[in-house]
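K.L.:
Predicted model follows, preceded by the sequence.
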Amino acid sequence: MKIYIMTPTYNEKENIANLINEILKLNIKNLHIVVVDDNSPDGTWKIVEEISKKKKNVHLLLRKTKRGRGYAGKEGFIYCLKNKADIIIEMDADFSHNPKYIPLMLKEIKNYDIVLGSRRVKGAKEIGRNLIRRTITYFANSYIKLMLGIKVKDCNSGYRCFKRNILEKIAYNLKSKGPAIVQEVLFSAHLKKAKIKEIPITFINRKRGASKLGIKQLAIGYFMVLKLKIKHLMGFI
Ligand SMILES: Nc1nc2c(ncn2[C@@H]2O[C@H](COP(=O)(O)OP(=O)(O)OP(=O)(O)O)[C@@H](O)[C@H]2O)c(=O)[nH]1
Ligand SMILES: [Mg+2]
């Protein structure tokens with residue numbers, strides 16, 4: 001069984017080497033890491049390139065056109081599928097998603113199509129985010145659940161483990177340029193009747209590097225969800 005961890009990066013030079021290290025320390029058999037970097041001005045990709053010369057299971061996917069969390073995620077997923085991954089885990093590179101949950105995800109995925117690291121189930125925690133940010137996420141989550149009719153409690157989590165067969169049905173049709181890809185993947189999976197399990201995680205706000213999620217990205221995200229809903233109602237998806 002081949003496992004791929006896929007992480008999109010943009011200016012994560014302070015996090016990426018540590019993250020790769022932590023994942024490799026888990027000592028999981030047949031595990032590969034692919035970092036999908038959008039030509040980060042801070043040189044994140046150079047660090048990954050150096051590591052990949054020494055570790056043959058660490059790969060760099062360097063993108064030079066059409067920057068975006070969404071485009072990068074799509075390309076990363078397709079890379080994993082083309083390289084015959086059986087299980088694919090996507091996670092952020094900023095340590096908000098602790099790699100320690102990877103073994104549990106791999107255990108749970110046996111019985112599900114998707115295992116999701118969730119901030120909204122019993123036992124989960126969110127640390128280091130201020131009230132404004134938590135309130136925004138709360139309302140975004142409620143809006144998405146209502147609009148798309150999804151039962152999942154944390155619709156904004158980008159820490160997810162997929163079985164190959166479900167991702168194959170979704171990845172090639174993704175359209176999001178930016179972070180709305182998180183909701184697009186979830187909605188597409190829901191339409192394909194994916195069996196989804198949420199496991200509680202302790203989500204820690206990034207300690208290093210800068211956030212790329214601004215008000216503009218958030219507004220685009222809301223609009224994207226609306227577009228998905230309309231497309232679905234019109235029978236296009
Ligand atoms: N390749 C690529 N990765 C991106 C892009 N924007 C963000 N990312 C990565 O996507 C992941 C999530 O982005 P974050 O900036 O952490 O977004 P967030 O988690 O919503 O916000 P903060 O944690 O507050 O920073 C991180 O690993 C980023 O480096 C992009 O345009 N291209
Ligand atoms: Mg983050």
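P.N.:
All right, it came through fine. Every value quoted in this text rests on a predicted model; they were computed, and no experiment measured them. Numbering: from 1, shown residues only. Ligands and ions are numbered 1, 2, ... in the order given.
K.L.:
check which helix or strand covers the residue lying closest to L148 once chain neighbours are set aside.
P.N.:
Nearest in space to L148, with sequence neighbours left out and distances taken as CB to CB, 6 or more residues apart in numbering, is F187 at 4.9 Å. In short, each C-beta sits where N, CA and C put it, glycine included. Secondary structure assignment for F187, by DSSP states H and E: helix 181-191.
K.L.:
near ligand 2 at all, that helix?
P.N.:
No: Helix 181-191 does not reach ligand 2 (CB under 5 Å from the ion); its nearest approach is 11.2 Å.
K.L.:
about what we covered before: check contacts around the residue nearest to L148.
P.N.:
F187 makes contact with L148, I150, V225, L228, H232 under the criterion CB atoms under 8 Å, 6 or more residues apart in numbering.
K.L.:
And it, how close does it get to ligand 2?
P.N.:
21 Å (CB to the ion, to the nearest Å).
K.L.:
same thing with L233?
P.N.:
32 Å.
K.L.:
so who does the most centrally placed residue in the chain touch?
P.N.:
Central residue of the chain (CA atoms, centre = their mean): G158, 3.4 Å from the mean position. Going by CB under 8 Å, 6+ apart, G158 touches E90, M91, D92, H97, P179, V182.
K.L.:
Over to Y10?
P.N.:
Shown in contact with Y10 (CB under 8 Å, 6+ apart): D37, D38, S40, T44, R67, R69, A72, K212.
K.L.:
Would you mind pulling up the elements that the helix or strand bottoming out on mean pLDDT in the chain packs against?
P.N.:
Lowest mean confidence among the helices and strands of the chain (mean pLDDT, DSSP states H and E): helix 215-233, at a mean of 89. If you count contacts as 3 or more CB pairs under 8 Å, 6 or more residues apart in numbering; DSSP states H and E, helix 215-233 packs onto helix 131-148, helix 181-191.
K.L.:
Give me the distance between that helix and the centre of its chain.
P.N.:
Its chain's C-alpha centre and that of helix 215-233 lie 18 Å apart, by CA atoms, centre = their mean, to the nearest Å.
K.L.:
who wins for neighbours among the contacts of F187?
P.N.:
L228 (24 neighbours; other CB atoms under 10 Å).
K.L.:
Nearest residue to that residue in space, please, no chain neighbours.
P.N.:
F187 (5.3 Å).
K.L.:
Report the separation between that neighbour and ligand 1.
P.N.:
Note on F187: its distance to ligand 1, by CB to the nearest ligand atom, to the nearest Å, is 18 Å.
K.L.:
if we can go back for a sec, just the contacts of Y10: which are in strands?
P.N.:
D37 (DSSP state E).
K.L.:
Out of the helices and strands packed on helix 215-233, indicate the one that is most buried.
P.N.:
Using mean count of other CB atoms under 10 Å, the stretch among the helices and strands packed on helix 215-233 with the greatest mean number of neighbours is helix 181-191 (a mean of 23).
K.L.:
pLDDT on it, on average?
P.N.:
In this model, helix 181-191 has a mean pLDDT of 96.
K.L.:
how about the residues of the chain near ligand 1?
P.N.:
For the chain, the residues in contact with ligand 1 (CB under 6 Å from any ligand atom) are 7-10, 12, 36-38, 67-69, 72, 92-94, 96, 206, 211-213.
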